[in-house]
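Trainee: Have a look at this prediction, sequence included:
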Amino acid sequence: MQARTRNPFTTIHTEGALLPSDLLQRVLDYNKDLPGLTPEGYHLSGEKLNEAINRSWNRLQGAWAAFKTSRGRLGQGDAGTGLTRERWLLPLFDELDYGRLQVAKGLEIDGKPYAISHMWAKVPVHLVGCGVDLEKRSAGVVGASKASPHSLLQEYLNRSPEAQWGLVSNGLRLRVLRDNAALTRQAFLEFDLEAMFEGEVYSDFALLWLICHQSRLEIVGADAIRPDACYLEQWSKLSQEQGTRALEHLRKGVEQAIAALGSGFLRAPANQKLRADLRSGALSTHDYYRQLLRLVYRLIFLFVAEDRDLLFDPGSTSQARERYLRHYSLTRLRQMAQRSRGGRHADLYVTLRLVMEILA
């Protein structure tokens with residue numbers, strides 16, 4: 001059985017657990033526990049969701065090809081703002097049911113202006129050119145000269161009493177942002193549009209359509225004052241609540257793991273010194289417990305790092321990744337533990353120690 005990580009998306013990156021990977025998978029699976037995942041929730045009449053997504057995909061492939069050709073004619077240092085908006089981003093948002101996005105004018109908070117390009121209702125949508133980096137300031141470029149496009153939108157969301165969610169894109173990448181109280185850590189969901197359309201990754205586009213569709217940001221229900229009435233906010237809160245419940249269950253799991261590992265180490269024939277130290281008092285039971293706890297949390301850290309595809313260097317080869325997943329990963333150990341109870345040999349633990357020593 002081939003070991004693999006649990007991140008099934010190749011052109012999508014989630015940062016800061018705003019909309020984590022497990023939630024994205026539930027959206028893609030049309031999970032019934034998530035509200036609004038119906039044709040009616042997306043304002044469709046007589047059309048299935050996959051039919052609407054496929055229709056948009058076919059139309060946008062042509063738009064991307066035309067944009068790509070025109071982009072190739074841009075001169076060096078050209079931001080390409082008008083081209084990116086007209087040839088690509090505005091058609092994209094039209095397919096996501098925003099209609100013709102309206103240009104934002106006079107956005108200001110406490111006397112400070114915000115050069116965000118467009119608005120839909122109270123949702124800021126900042127569209128810049130393909131020659132503009134979302135993470136860097138670009139001198140002389142409106143909407144990127146005083147702060148990076150990402151930072152500009154994030155600050156506006158943090159300070160605005162009305163706006164809670166927003167989108168920013170340079171045509172090559174599209175990010176979903178939310179009002180973020182943790183100012184020291186970014187939180188966003190990013191779609192690599194270039195890789196998506198160049199690689200024809202339809203499944204990732206389906207998720208983009210389901211997440212970024214206009215209906216996900218509009219107020220639903222009778223109470224139009226509640227910001228959590230939009231579907232994205234509801235989904236994000238459900239995910240956070242699920243994470244809180246998982247932490248509550250984690251405590252019991254940690255206790256069981258400590259007991260299982262502690263007794264297992266004591267039974268191992270090679271651990272004569274461990275047994276002798278505990279009998280003599282050279283190693284107290286409290287210190288033994290602390291060592292076991294440390295090991296358990298190291299395991300949890302590795303579980304999460306592997307599941308979120310955070311261990312590999314971005315420049316690592318597919319062969320190196322496959323080698324680790326097949327022969328050294330904790331994903332492999334979990335799969336083996338589900339099939340057998342193990343034995344008296346310590347080779348798997350030796351491999352685990354090797355991985356931990358290298359990562360240390």
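Mentor: Received it, and whenever you're ready, just let me know what you need. Numbering: from 1, shown residues only.

Trainee: Going along the chain, name the helices of the stretch 251-360 of the chain.
Mentor: 272-280, 285-307, 318-327, 330-339, 347-359 (DSSP state H, counting those that start in this stretch).

Trainee: weakest of those helices by average pLDDT?
Mentor: For those, the weakest mean pLDDT is recorded on helix 330-339, namely a mean of 83.

Trainee: could you pull out the helices for the stretch 51-200 of the chain?
Mentor: Applying DSSP H, counting those that start in this stretch to the stretch 51-200 of the chain gives helices spanning 81-84, 90-95, 149-159, 193-198.

Trainee: Would you mind giving the ones you listed as TSV with distance to Leu292, mean pLDDT and mean neighbour count added?
Mentor: From N, CA and C alone the C-beta is placed, and that goes for glycine too. Formatted as TSV, the helices of the stretch 51-200 of the chain follow (distance: least, Cβ to Cβ, whole Å; pLDDT from 0 to 100; neighbours: other Cβ atoms under 10 Å):
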stretch	distance to Leu292	mean pLDDT	mean neighbour count
helix 81-84	55	97	19
helix 90-95	52	98	20
helix 149-159	42	96	20
helix 193-198	43	97	19
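
Trainee: Out of the helices of the stretch 251-360 of the chain, which gets nearest to Leu19?
Mentor: Distance to Leu19, taken as Cβ to Cβ, is lowest for helix 285-307 among the helices of the stretch 251-360 of the chain, at 15.7 Å.

Trainee: mind checking which of the helices of the stretch 51-200 of the chain is nearest Gly16?
Mentor: In terms of Cβ to Cβ, the element of those nearest to Gly16 is helix 149-159, at 11.2 Å.

Trainee: in this structure, which ranges drop under the pLDDT threshold?
Mentor: Within the chain, the segments meeting pLDDT under 70 span 1-8, 182-184, 221-228, 243-249, 342.

Trainee: can you give me the strands for it?
Mentor: For the chain, strands defined by DSSP state E occupy the ranges 12-15, 102-103, 108-109, 112-113, 118-120, 123-127, 165-169, 173-178, 188-192.

Trainee: Redo these as TSV? Include distance to Glu95.
Mentor: Formatted as TSV, the strands of the chain follow (distance: least, Cβ to Cβ, whole Å):
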stretch	distance to Glu95
strand 12-15	18
strand 102-103	17
strand 108-109	31
strand 112-113	31
strand 118-120	14
strand 123-127	14
strand 165-169	14
strand 173-178	13
strand 188-192	14
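
Trainee: could those strands be laid out in JSON lines, adding mean neighbour count and distance to Asn31?
Mentor: Output for these, formatted as JSON lines (neighbours: other Cβ atoms under 10 Å; distance: least, Cβ to Cβ, whole Å):
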{"stretch": "strand 12-15", "mean neighbour count": "18", "distance to Asn31": "17"}
{"stretch": "strand 102-103", "mean neighbour count": "12", "distance to Asn31": "33"}
{"stretch": "strand 108-109", "mean neighbour count": "11", "distance to Asn31": "37"}
{"stretch": "strand 112-113", "mean neighbour count": "10", "distance to Asn31": "41"}
{"stretch": "strand 118-120", "mean neighbour count": "19", "distance to Asn31": "26"}
{"stretch": "strand 123-127", "mean neighbour count": "24", "distance to Asn31": "24"}
{"stretch": "strand 165-169", "mean neighbour count": "25", "distance to Asn31": "21"}
{"stretch": "strand 173-178", "mean neighbour count": "22", "distance to Asn31": "19"}
{"stretch": "strand 188-192", "mean neighbour count": "22", "distance to Asn31": "17"}
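
Trainee: Tell me which of these lies nearest to Phe93.
Mentor: strand 123-127 (7.1 Å).

Trainee: Tell me which strands that closest one pairs with, and in which orientation.
Mentor: Note on strand 123-127: by DSSP bridges, its sheet partners are strand 118-120 (antiparallel), strand 165-169 (parallel).
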